[in-house]
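A.B. asks: Okay, sequence plus prediction incoming.
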Amino acid sequence: MTKEGNEKKGFPVPAIVFKRIRYTRETGEKAFVRITLSLSGKEESSQAQEEGILAAAFAAINNVVPNDLLLENYEVHSAARGTDALAKVSVTVSKHGREVTAYGEHHDTVVASVLAYINALNRYRM
């Protein structure tokens, strides 16, 4: 649903919206991620290098949306069998005893993970 559709239906509009991601990883090298997010309608991009793609993706997000949330749990499941299965990711973040769990789904596990993390950030900010 579009931002305008959410407003018309009375749903809160997410402050952080995923736009695009580019990532690479070569054996023996750190993973590189460049991510673009929309913050209240304004696009911002960031990049990060970490040992793993998800660590780099979450670090790039944190560069755009600074926070001190602790990633408590990360789970990924397949919605079907085969190479084109949908990845379902859940993440739980916490701060000062408050926990928030959010979900993301996509055919690309990295994108599903990014969606779940962004959804958790949005839920925590509400």
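C.D. replies: On my side now, so go ahead. Numbers count the residues shown, from 1 in each chain.

A.B. asks: Could you list the residues in contact with the longest helix seen in the chain?
C.D. replies: For the chain, the helix that runs over the most residues, judged by DSSP state H, is helix 109-125. Helix 109-125 is touched from outside by 14-18, 21, 23, 35, 37, 53-54, 57-58, 61, 65, 67, 69, 71, 74, 76, 86-93, 95, 98, 100-106, with contacts defined as Cβ atoms under 8 Å, 6 or more residues apart in numbering. Every C-beta, even on glycine, is put in place using the N, C-alpha and C of the backbone.

A.B. asks: Mind checking which of those are buried?
C.D. replies: Buried members of the contacts of helix 109-125, counted by 16 or more other Cβ atoms under 10 Å: 14-18, 21, 23, 35, 37, 53-54, 57-58, 61, 65, 69, 87-93, 100-102, 104, 106.

A.B. asks: Mind checking which of those land in helices?
C.D. replies: By the criterion of DSSP H, membership of the buried ones among the contacts of helix 109-125 in helices covers 53-54, 57-58, 61.

A.B. asks: ok, so of these, who is nearest residue 28?
C.D. replies: For those, the residue nearest residue 28 by Cβ to Cβ is residue 53; the value is 14.6 Å.

A.B. asks: which one of the ones in helices among the buried ones among the contacts of helix 109-125 is nearest residue 31?
C.D. replies: Looking across these and measuring by Cβ to Cβ, the closest to residue 31 is residue 53, at 4.3 Å.

A.B. asks: Now do the most centrally placed residue in the chain against residue 82, distance only.
C.D. replies: In the chain, the residue lying closest to the centroid (Cα atoms, centre = their mean) is residue 114, at 2.3 Å. Using Cβ to Cβ, to the nearest Å, residue 114 is found at 23 Å from residue 82.

A.B. asks: who's residue 77 bridged to?
C.D. replies: Here residue 77 shows beta-bridge partners residue 88, assigned using DSSP bridges.

A.B. asks: count of neighbours near it?
C.D. replies: Residues lying near residue 77 (other Cβ atoms under 10 Å) number 12.

A.B. asks: pLDDT weak spots in the chain?
C.D. replies: The model of the chain has pLDDT under 70 over residues 1-13, 126.
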